[in-house]
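Colleague: Starting from these lines, generate the structure:
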Amino acid sequence: MNTETRKEMATRLTSTPGVIAALDQSGGSTPEALSSYGILNTAYQGETEMLELIHAMRVRIMTAPGFSSERVIGAILFEHTMEKSIGAKSIPAYLWEDRGIVSFLKVDSGREAEHDGVQLMKPMLNLGNLLERALEKGCLGTKMRSVVHSASEKGISAAVRQQFDVASTILKSGLIPIIEPEVLVSSPDKSIAEDILVKEILKNLSELAHGTQVILKLTLPSQPDLYAALVEHPKVARVFALSGGYSLKVACEKLRENTGLIGSFSRALFENLRVSMPNAEFDRNLSQNIEEIYLASAQKGENADVVHPRLQ
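Modeller: This is a model prediction of the structure:
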């Protein structure tokens, strides 16, 4: 992919209103996603069959009329999805060339057991190869997720530090990292954990090289506009909000309370979509979900004048 195309992608990411579709369910979350779609675990045997079924669901979503650049900015892909094709094109190429949607690749290898109130990411032994393939396939960036269970300053500090350490490697490769330290909505001290998280993120942002940017993907906060300083930060390309298990209605209500955040939903995006639906009904429901998230997302792009230095 040439430099001008990557510049165009980066400009779209930072300056265009819209939503980010999270299509990166991995082995642990795929059975739940398929069940919600109407495919029970008795319908498949083993990981290979499971991955083919979730891939078919993703292709149905990505090729639906309502899944277009009018309201969708980007899509986060699972490695298995990135390696597949739609027609003669790789999926990242199809999304950009036919839909005007940028792609991000999920690069983490899952999470460690809970310790100090958090689950750190497992070592990413294949990261270098993944980054090379993401660039080759035409992805603009990556995504990695850790989990915060409780308001442990030590644990949250370690989780954020780990995210930014890996982000530095990703930035050097020419990709833009999405940093996702998810505070569980079920956390008994969620609001306190979120306060600590913002403090730690700001600390790590201050240490990023001048002119570089990351994307943040964060839990919808208990306190509206808690992330205002992050939205306005010159080293943050954009702040995405995850639905975290909230229903589409509740997630969108909370999203509307937060200026500058845009929705990057998975479970909420797939709400009311079933494998048994005729295409017309499926497409209508998907389009309605996207529209609801789009309208709830902020209609402005912050830091639109800053372009990722490796894309210049």
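Colleague: Hmm, Pro123 is touching Arg111, no?
Modeller: No: taking CB atoms under 8 Å as the contact criterion, Pro123 and Arg111 are not neighbours in contact, 11.3 Å apart. Placement of C-beta: from N, CA and C, glycine included.
Colleague: the more surrounded of those two?
Modeller: Neighbours per residue (other CB atoms under 10 Å) separate Pro123 from Arg111, with Arg111 holding more: 17 against 10.
Colleague: what's the distance between the nearest residue to that one once chain neighbours are set aside and Ala159?
Modeller: What sits nearest to Arg111 in space, not counting adjacent residues and going by CB to CB, 6 or more residues apart in numbering, is Gln119, at 3.9 Å. From Gln119 across to Ala159, the span is 8 Å (CB to CB, to the nearest Å).
Colleague: what's the answer for Leu255, then?
Modeller: In this structure, Leu255 and Ala159 are 23 Å apart, going by CB to CB.
Colleague: And the helices in the stretch 201-312 of the chain?
Modeller: Taking DSSP state H, counting those that start in this stretch as the test, the helices found in the stretch 201-312 of the chain are 228-231, 248-256, 279-296.
Colleague: quick one: buried residues of stretch 171-183?
Modeller: Leu171, Ser173, Gly174, Leu175, Ile176, Pro177, Ile178, Ile179, Glu180, Pro181, Glu182, Val183 (16 or more other CB atoms under 10 Å).
Colleague: farthest pair in the residues you listed?
Modeller: Every pair in these was compared (CB to CB); the two farthest apart turn out to be Gly174 and Val183, at 29.8 Å.
Colleague: sorry, back to before: check contacts around the residue nearest to Arg111.
Modeller: Contacts for Gln119 were tallied using CB atoms under 8 Å, 6 or more residues apart in numbering; they are Arg111, Glu112, Ala113, Ser146, Val147, His149, Ala159.
Colleague: List only those of those residues flagged as buried.
Modeller: With neighbours counted by 16+ other CB under 10 Å, the contacts of Gln119 contain buried members at Arg111, Ser146, Val147, His149, Ala159.
Colleague: Turn these into CSV, including pLDDT and distance to Ser29.
Modeller: Converted to CSV, the buried ones among the contacts of Gln119 look like this (pLDDT from 0 to 100; distance: CB to CB, whole Å):
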residue, pLDDT, distance to Ser29
Arg111, 96, 12
Ser146, 98, 15
Val147, 98, 12
His149, 98, 17
Ala159, 98, 19
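Colleague: What is the burial count for Ala88?
Modeller: 7.
Colleague: Remind me what whatever helix or strand Ser103 lives in packs against, helices and strands.
Modeller: Using DSSP states H and E, the element containing Ser103 is strand 102-106. Other helices and strands packing on strand 102-106, by 3 or more CB pairs under 8 Å, 6 or more residues apart in numbering; DSSP states H and E, are helix 3-15, strand 72-77, helix 79-82, helix 91-99, helix 127-137, strand 141-148.
Colleague: let's see it at 7 Å
Modeller: Judged by 3 or more CB pairs under 7 Å, 6 or more residues apart in numbering; DSSP states H and E, the packing partners of strand 102-106 are helix 3-15, strand 72-77, helix 79-82, helix 91-99, strand 141-148.
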